[in-house]
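In: what's the 3D shape of this:
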Amino acid sequence: MVSGLLLLALRAAPFPIPHSPFPPQDTTRGKAVYVKWCAGCHGDDGAGDGPAASRMLPRPRDFTGAIYKVRTTASGQLPTDQDVLRSIDEGLPGTAMPAWKDRLSERERRDVLGYLKTFSAFFQDTSQHIVPLTFSKEPGGATSAVALKVGRQFYDSIGCWKCHGKAGRGDGPSAPTLKTDPGEPIFAADLHESWRFRGGAGTADIYRRLRTGLDGTPMPSFSDLIDQKFLTDEQLWRVAQYVRSLSPERAPEVRDVIHAPRLPGGLPRSPDDSAWARVERYWFPLVGQVIRKPRWFAPAVAGVWVQAVHTADSLALRLEWDDRSESPDTPWLEFERRVLDHVTSDDSVPAPADLWPDGIAVQFPRSIPAGMERPYFLMGTATDPVYQWRWTSMPRQAVAGLARGLSRFDVLGGGSAPGAGARFADGQWRLVLTRALATADTANELQFEAGRAIPVAFFAWDGSNGEHDTRMAVSAWYFLALDQPTPPRVYLSPVVAMAVTLGLGMLVAVRAQRRAGAGGDGGGRSRA
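Out: Numbering: from 1, shown residues only. Got it, this is the predicted structure:
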């Protein structure tokens, strides 16, 4: 009788029993999604050993150990479902893990999330209590000089600079020694490229990474320093605000055309010339060269910033790219060995670690095409070569030549090399290349013309990452436009047109007044 009444009372309880915020996850359906879209990288059994894994750095996640980098839980704890789902939805920038939010349905994403958890017994352990940390709200004054000063002070005092570098470009003294728990080499994050941060680019995202750490990597949690009263929660927020201030407010937009304004005076030939501060910058992403063997799947240079100006007779290009070392660099040689050991080579002979230089190439066609036809972007072909400027850090020089495919580059002599001024500082190369618009060698050297769309592409090599020859980062074709000065008639014509219009208007008004006056006199005489 009592049990029956209790059952009725429970059925009529005014407070419903809480339910999961997520719909049930169908692991059978999730397995089908996983096999189709995930196993190629993560492996059939979720161990991060799929067919494509050996060409990736960092390697795909090993789900069997249940070690997740991006979480809202404490270091060493399992992630919440929402944590894992966010990585599925948004991807992990800077890795091969794409965003699946617009590729798979919500049901598919939640089902594959459920299936991922079957790879590890830790998720089945009922003694595990997955509880997200409680995060405070961001304090105000994020961009004030005082807040950023405090953030920089604690960035130094808690040792961020040891890995990320004094300027935050991942070039700290510990950077060449970094590796993951399984022993894979790992770059310290370049804090000037927030759009590549795993787990989000916002200040709150950075703060959460500081609180939770990135398990399986050298990036620790700093929550214990708050517990130990070494710093306050607000001060950790200031570190996050300082880190966020190092990157542009928005991720750079890739545009097709570099506009080079015409300068009235001489060209700025130094990369640190103040004139460059008034010239617009353009960002171009670079990816690994994976078309011709030996291919390269792990480039270190993610992109290049480009500026351009010209005068009546000359052109200057300023290129700026982040590089953690001025190669060749002996302290990075062991890191290079680990990279080459972990990235499978498809060359017949594995690439040896060596003291390679850094390098960059700027590519043009030999002549400006009449339409959209362009040479093959990957350094042309034997029958349709491309015109290139190539610069290296050792020896530090620039040359001009014709590339006839990846394996052949013919240097042009006779003073054809562009002028070059380069500087390396705080994990960044800055380079200016200059050349006359017109040259005597019209058969091999591009003749630059204002007002024309000139195809241009870029290539980069980071020697301390084992990059040389075909192991490099590449871009697609873009365009360079040398802006023409505005002819005086453009400004004069509207003025003349306004003057003529005003004159005609005044003439019409005068004639109208005369007619009105003549009509008035006649009417008076008639009345008289």
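In: Identify the bridge partners of the spatially closest residue to P271 that is not a sequence neighbour.
Out: Nearest in space to P271, with sequence neighbours left out and distances taken as CB to CB, 6 or more residues apart in numbering, is R430 at 3.6 Å. From N, CA and C alone the C-beta is placed, and that goes for glycine too. Residues found in beta-bridge contact with R430 (criterion: DSSP bridges) are E320, R423.
In: what's the distance between I158 and H164?
Out: Plainly put, I158 is 11 Å away from H164 if you go by CB to CB, to the nearest Å.
In: Can you give me the neighbour number for the residue nearest to P271?
Out: Applying the criterion other CB atoms under 10 Å, we find 18 residues in the vicinity of R430.
In: My read is that it contacts A420, right?
Out: No: with contact defined as CB atoms under 8 Å, R430 does not reach A420; the gap is 11.5 Å.
In: Look at I158 and H164 and report which has more neighbours.
Out: Just comparing I158 and H164: by other CB under 10 Å the higher neighbour count belongs to H164, 25 against 18.
In: buried stuff in stretch 284-299?
Out: Neighbour counts over stretch 284-299 (16 or more other CB atoms under 10 Å) mark F284, L286, G288, Q289, R295, W296, F297, A298, P299 as buried.
In: Tell me the one among the residues you listed nearest to F448.
Out: F284 (19.0 Å; CB to CB).
In: Can you classify that closest one as helix, strand or coil?
Out: When states are read from DSSP: H, G, I helix; E, B strand; the rest coil, the local structure at F284 comes out as strand.
In: Local confidence estimate at the nearest residue in space to G401 that is not next to it in sequence?
Out: Spatial nearest neighbour of G401, excluding adjacent residues (CB to CB, 6+ apart): V411 at 4.3 Å. What the model reports for V411 is a pLDDT of 98.
In: same thing with A351?
Out: Looking at A351, its pLDDT stands at 83.
In: Tell me how many other residues surround it.
Out: 19.
In: Now for this protein, the helix or strand with the poorest mean pLDDT.
Out: When each helix and strand of the chain is scored by mean pLDDT, DSSP states H and E, helix 2-11 comes last, with a mean of 39.
In: Pull the contacting residues for K166.
Out: Taking CB atoms under 8 Å, 6 or more residues apart in numbering as the contact definition, K166 lies against G172, D426.
In: Check which helix or strand it maps to.
Out: Applying DSSP states H and E as the criterion places K166 outside every helix and strand.
In: The residue nearest to P331 when sequence neighbours are not counted: what's it in contact with?
Out: For P331, ignoring the flanking residues on the chain, the nearest one in space by CB to CB, 6+ apart is P176 at 5.1 Å. Taking CB under 8 Å, 6+ apart, we find P176 in contact with S325, P331, W332, E334, F335, S464.
In: Show me where the stretch 401-528 of the chain has its strands.
Out: Applying DSSP state E, counting those that start in this stretch to the stretch 401-528 of the chain gives strands spanning 409-411, 419-425, 428-436, 453-461, 473-474, 478-482.
In: Which among those strands is found nearest to T344?
Out: Smallest distance to T344 across the strands of the stretch 401-528 of the chain (CB to CB): 18.2 Å, for strand 473-474.
In: Check the secondary structure at the residue nearest to P331 for me.
Out: helix.
In: Next, find the distance separating it from V411.
Out: 33 Å.
In: Likewise for L355?
Out: Going from L355 to V411 by CB to CB gives 22 Å.
In: before we move on, what about R338?
Out: In this structure, R338 lies at 34 Å from V411, with CB to CB as the measure.
In: With neighbour numbers in mind, choose between the two.
Out: For R338 versus V411, the count of surrounding residues by other CB under 10 Å is larger for R338: 20 against 12.
In: OK, contacts around the closest residue to that one other than its chain neighbours?
Out: Spatially, and ignoring its direct neighbours in sequence, R338 is nearest to P185 (4.0 Å; CB to CB, 6+ apart). If a contact means CB under 8 Å, 6+ apart, then P185 has L57, L178, K179, F335, R338, V339, H342 as its contacts.
In: got it, and K117?
Out: Residues in contact with K117, defined by CB under 8 Å, 6+ apart, are V84, F123.
In: just the one 10 residues further on next, same as before
Out: S127 makes contact with no residue, according to CB under 8 Å, 6+ apart.
In: Confirm that it lies within a helix, as I assumed.
Out: No: secondary structure of S127, determined by three-state DSSP: coil, with no helix assignment.
In: Check it and give its pLDDT.
Out: Residue-level confidence at S127 comes out at 85, pLDDT.
In: From F63, how far off is it?
Out: With the distance defined as CB to CB, S127 ends up 20 Å from F63.
In: picking up where we left off before, and of the strands of the stretch 401-528 of the chain, who's closest to E280?
Out: Closest approach to E280 among the strands of the stretch 401-528 of the chain is made by strand 478-482 (11.9 Å; CB to CB).
In: quick one: that closest one to strand 453-461, angle?
Out: Here strand 478-482 runs at an angle of 120 degrees relative to strand 453-461 (axes from the mean of the first three to the mean of the last three CA atoms, to 10 degrees).
In: Great, nothing more from me.
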